[in-house]
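**Q** Sharing a model that was predicted from the sequence below.
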Amino acid sequence: MSIKSILDRFLDLVNFANIYLLPYDGDAQLLSTQTRNVRITGKDLIKQNVENERQITYGTRIQILFKEIYSKILQIMQIP
């Protein structure tokens, strides 16, 4: 299976609503505790959510190129 077909399949299956959520089940206080000494941006949060969706969609049985998925999601969301 080619990377393009894996990526297309992922984009068909991904739940984009989950991409916009805060990690830790939307608990902002827990997020701030976990990232207290780390500078975190909105892109970092999206990256973490994309990785979570990849794991939900594919589990551990397939390792697809995360950078390609992440860049495609940013294009779709129109984030520079």
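**A** Perfect, thanks for sending it.
**Q** Could you list every helix and strand in contact with the helix or strand residue 51 falls within?
**A** For residue 51, the host element (DSSP states H and E) is helix 42-58. For helix 42-58, the packing partners by 3 or more Cβ pairs under 8 Å, 6 or more residues apart in numbering; DSSP states H and E come out as helix 3-13, helix 16-19, helix 66-77. Using the backbone N, CA and C atoms, a C-beta is placed for each residue, glycine as well.
**Q** got the angle between the longest one and helix 42-58?
**A** Here helix 66-77 runs at 110 degrees with respect to helix 42-58, directions being taken by axes from the mean of the first three to the mean of the last three Cα atoms, to 10 degrees.
**Q** any residues touching stretch 45-56, and which ones?
**A** 10, 14-15, 18-23, 64, 66, 69-70, 73-74, 77, 79 (Cβ atoms under 8 Å, 6 or more residues apart in numbering).
**Q** Would you mind listing the buried residues in stretch 43-55?
**A** 45-50, 53-54 (16 or more other Cβ atoms under 10 Å).
**Q** Please name the residues that touch residue 20.
**A** So residue 20 contacts 46, 49 (Cβ under 8 Å, 6+ apart).
**Q** Can you tell me which residue sits nearest the middle of the protein?
**A** residue 50 (0.9 Å; Cα atoms, centre = their mean).
**Q** Reformat the helices and strands packed on helix 42-58 as TSV; add distance to residue 35.
**A** Below are the helices and strands packed on helix 42-58 laid out as TSV (distance: least, Cβ to Cβ, whole Å):
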stretch	distance to residue 35
helix 3-13	26
helix 16-19	18
helix 66-77	19
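**Q** Residue 30 is nearest to which of those helices?
**A** helix 16-19 (16.9 Å; Cβ to Cβ).
**Q** Now do the helix or strand that that closest one is followed by: which elements does it pack against?
**A** Next along the chain after helix 16-19, taking DSSP H and E as the criterion, comes helix 28-34. If you count contacts as 3+ Cβ pairs under 8 Å, 6+ apart, helix 28-34 packs onto no helix or strand.
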